[in-house]
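Undergrad: here is a sequence together with a model predicted from it:
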Amino acid sequence: MANVPVNRETVLEFHKGGKIGVRLVKPLKTQNDLCLAYTPGVAHAVKEIAAKPETVFDYTAKRSLVAVVSDGTAILGLGDLGAAASIPVMEGKAVLFKAFGDVDAWPVPVNHCRKGGENTGKTDPQRVIDVVLALAPMYGGINLEDIAAPACFEIEDKLDALLDIPVFHDDQWGTAVITLAGLMNYSRLCGRPLDEIRVVMNGAGAAGIRIADMCKAAGVQDLIMCDTKGVIHTGRTDLTDHKRRHASATAARTLQEALKGAHVFVGVSAADCVTADDVRGMGDYPAIFAMSNPDPEIRPDIVAEVMGSRPYVMATGRSDYPNQVNNVLGFPFLFRGALDVHARTINTAMKVAASEALAALAREPVPAEVQALYPQEKLAFGNGYIIPKPFDRRLFVEISYAVAKAAVESGAAPAADLAALKASLVARNAARCC
């Protein structure tokens, strides 16, 4: 089918009636089918679950169903527009879960107000927590989405502690997992181990905090973070607990001062906050992860002009440039792996394993069918290709398996036959490709 223009009219037409629905996984064509699916047969499943609660994963859809929960306070780059306005994004997330990870997901928009009034405003963390706890029995995992900081940190932390199923805020961890994969491959290309790389970050919201956490978990030791007031340093008295964890003992006070001699810039902040002179002042063989959408912290063409023939790595959050840091490379497979081994959480080991698997896949030869989807790019490991493409079908097996293996080995999931799991993933992937 020919591409259609992505404008208001075509998008609204595409969204008419929504983007998701319910499909039956068991037949309902005869009287006998009806007896098995509902009364009287369903009573046997009810009694089995009541007697052995753990069998809810065997006799319901729970084992492969994720709730996509949002209160609409931080919708994409649009801000606080309320729960109802978040539904198209949450439906879109469900589409991506199914298309890439073969995970069934359903939107769960949560209003701010109990009765009447405007359903926008500052997040009430306890309200979101109470709603999720109440609906959790149906779901095998909870994906939190578009919930404003700092409330999102409290919500995820408390739900993760209270529930025995994975809770994952993609706005916090998704970008972090993909960014770390890119940083791992940059480390290989430039010949500097992670503990010798100097990283400067701009943006200290949900994504920025968790990128810093992931970088440090993987071995980065020298990391300076900036927010709208400048460098987050140990002398500041206006820091939240999460920012205080990443405060640096440095004399730098501005982003520009911090960037002098730095090896890596990571931006999850605002357009055009980095200049050509800032890039000139960075260390040899720099990496610029300018991930603000839709306009990056510095445009790739400006970086290319500054660097000339010298080696560098450029990544953005946009699909029309190489090295897109795209969350769809992470969350479908993190949940797929976690669900397949009944993980109780998605811990740091599982997230780092996903990053390592992503980085390793980018170093493998790219199948011809994937290259054909990107005719304008040369997909071979190097400065212009450090992160796999979303339509690489190998992601389903490699990332999901790495996450499942890390879950079992770290104790986040019970013992499992990992060889059989990988064989099952391979078979499912083959069936999905046909």
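TA: Looks like it came in fine. Since this is a predicted model, take the numbers as computed values, not measurements. Residues are numbered from 1 along each chain as shown.

Undergrad: would you agree Gly330 is in contact with Val177?
TA: Yes: contact between Gly330 and Val177 holds when scored by CB atoms under 8 Å: they sit 4.4 Å apart. To be clear about C-beta, it is placed using only N, CA and C from the backbone, and glycine gets the same treatment.

Undergrad: mutual contacts of the two, please.
TA: Counting by CB atoms under 8 Å, 6 or more residues apart in numbering, the residues touching both Gly330 and Val177 are Ala354, Leu358.

Undergrad: where does the stretch 51-200 of the chain dip in pLDDT?
TA: For the stretch 51-200 of the chain, applying pLDDT under 70 flags the ranges 113-120.

Undergrad: would you indicate which residues of stretch 253-260 are buried?
TA: By 16 or more other CB atoms under 10 Å, the buried positions in stretch 253-260 come out as Leu255, Gln256, Glu257, Ala258, Leu259.

Undergrad: correction: stretch 301-321
TA: Residues Ile302, Val303, Val306, Met307, Tyr312, Val313, Met314, Ala315, Thr316, Gly317, Arg318, Tyr321 are the ones in stretch 301-321 that count as buried (16+ other CB under 10 Å).

Undergrad: about what we covered before: distance to Leu78, pLDDT and secondary structure added to the buried residues of stretch 253-260, as TSV?
TA: Converted to TSV, these look like this (distance: CB to CB, whole Å; pLDDT from 0 to 100; DSSP: H, G, I helix; E, B strand; the rest coil):
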residue	distance to Leu78	pLDDT	secondary structure
Leu255	25	98	helix
Gln256	29	97	helix
Glu257	32	98	helix
Ala258	30	98	helix
Leu259	29	98	helix
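
Undergrad: show me which of those residues is closest to Leu144.
TA: Nearest to Leu144, judged by CB to CB, of the buried residues of stretch 253-260 is Leu255 at 29.1 Å.

Undergrad: check the gap between the closest one and Ala290 for me.
TA: The spacing between Leu255 and Ala290, counted by CB to CB, to the nearest Å, is 13 Å.

Undergrad: what touches both of those two?
TA: Contacts common to Leu255 and Ala290, judged by CB under 8 Å, 6+ apart, are Val274.

Undergrad: hmm, back to that, from the buried residues of stretch 301-321, which ones fall inside strands?
TA: Cross-referencing the buried residues of stretch 301-321 against strands under DSSP state E gives Val313, Met314, Ala315, Thr316.

Undergrad: need the pLDDT of the first one.
TA: At Val313, the predicted lDDT confidence score is 98.

Undergrad: was I right about it contacting Tyr186?
TA: Yes: the criterion here is CB under 8 Å, and Val313 meets it with Tyr186 at 5.0 Å.

Undergrad: okay, and the common contacts of those two?
TA: Listed as contacting both Val313 and Tyr186 by CB under 8 Å, 6+ apart are Ala287, Ile386.

Undergrad: closest one of the ones in strands among the buried residues of stretch 301-321 to Asp241?
TA: Set against Asp241, the nearest of those by CB to CB is Ala315 (29.3 Å).

Undergrad: who's the closest spatial neighbour of the closest one, skipping the chain neighbours?
TA: Asn323 (3.8 Å; CB to CB, 6 or more residues apart in numbering).

Undergrad: what sits against the one you found?
TA: Residues in contact with Asn323 (CB under 8 Å, 6+ apart) are Gly182, Val313, Met314, Ala315, Thr316, Gly384, Tyr385, Ile386, Ile387.

Undergrad: just flag the most distant two among these.
TA: Maximum distance among the contacts of Asn323 (CB to CB): 13.8 Å, for Thr316 and Tyr385.

Undergrad: do I have it right that Asn327 meets Thr175?
TA: Yes: under the criterion of CB under 8 Å, Asn327 makes contact with Thr175 at 6.1 Å.

Undergrad: state the pLDDT value of Gln376.
TA: pLDDT, Gln376: 87.

Undergrad: confirm it sits in a strand?
TA: No: secondary structure of Gln376 (DSSP: H, G, I helix; E, B strand; the rest coil): coil, not part of a strand.

Undergrad: can you report phi and psi for Ile232?
TA: Per-residue torsions, Ile232: phi -90, psi 100 (degrees, to the nearest 10).

Undergrad: residue boundaries of the helices in the stretch 101-250 of the chain?
TA: Ranges of helices within the stretch 101-250 of the chain are 125-135, 151-162, 170-190, 206-218, 241-245, based on DSSP state H, counting those that start in this stretch.

Undergrad: for the stretch 301-434 of the chain, same thing?
TA: Listed in chain order, the helices found in the stretch 301-434 of the chain under DSSP H, counting those that start in this stretch are 331-340, 348-362, 368-373, 394-410, 418-433.

Undergrad: can you redo those helices as TSV with mean pLDDT and distance to Gly121?
TA: Output for those, formatted as TSV (pLDDT from 0 to 100; distance: least, CB to CB, whole Å):
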stretch	mean pLDDT	distance to Gly121
helix 331-340	98	27
helix 348-362	98	31
helix 368-373	94	42
helix 394-410	98	36
helix 418-433	94	42
